[in-house]
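Dropping the sequence and predicted coords here.
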Amino acid sequence: MNLDTDDGAFPQPFSKAPPGQYRLRAVLDTNHTYAYVENEDDGDLRSEVSLQQLPATKLAVTLTSE
């Protein structure tokens, strides 16, 4: 699945980040409870932390349930 990295970014779009190397981790909150619990739920999908260079035309992560 492809997502626009500016649409889902918080607190600002990735395109506004200063150039450099960043640690990135993605979480897909399948139960819609992320804001209400201290840690991710078992049902959430998450990626490993990876180093990504910005600006970038594409960022790649793999989401798993572990």
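Received the coordinates, thanks.

Correct me if wrong: Asp6 contacts Ala17.
No: in this structure Asp6 lies outside contact range of Ala17 using CB atoms under 8 Å: 10.3 Å. Placement of C-beta: from N, CA and C, glycine included.

out of the two, which sits in the more crowded spot?
Set Asp6 next to Ala17 and count neighbours by other CB atoms under 10 Å: Ala17 wins out with 14 against 11.

My read is that Leu24 contacts Gln52, right?
Yes: with contact defined as CB under 8 Å, Leu24 and Gln52 form a contacting pair (4.7 Å).

Overlap in contacts, the two.
Common contacts of Leu24 and Gln52 (CB atoms under 8 Å, 6 or more residues apart in numbering): Leu59.

So which elements touch the helix or strand bottoming out on mean pLDDT in the chain?
For the chain, using mean pLDDT, DSSP states H and E, the weakest element among its helices and strands is strand 27-28, scoring a mean of 85. When contacts are defined as 3 or more CB pairs under 8 Å, 6 or more residues apart in numbering; DSSP states H and E, strand 27-28 packs onto strand 45-46.

What is the subsequent helix or strand relative to the strand it packs on?
Proceeding C-terminally, strand 45-46 gives way to strand 50-54 as the next helix or strand, assigned by DSSP states H and E.

Show me the strands paired with that following strand, marking each as parallel or antiparallel.
strand 20-24 (antiparallel) (DSSP bridges).

Buried residues of the strand it pairs with, list them for me.
Across strand 20-24, burial judged by 16 or more other CB atoms under 10 Å covers Leu24.

Also stretch 44-60?
Per 16+ other CB under 10 Å, stretch 44-60 contains these buried residues: 44, 46, 52, 54.

Redo the residues you listed as JSON lines? Include distance to Thr33.
What follows is the buried residues of stretch 44-60, written out as JSON lines (distance: CB to CB, whole Å):
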{"residue": "Asp44", "distance to Thr33": "8"}
{"residue": "Arg46", "distance to Thr33": "14"}
{"residue": "Gln52", "distance to Thr33": "27"}
{"residue": "Leu54", "distance to Thr33": "29"}
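
and Ala26, what is it in contact with?
46-47, 61, 63.
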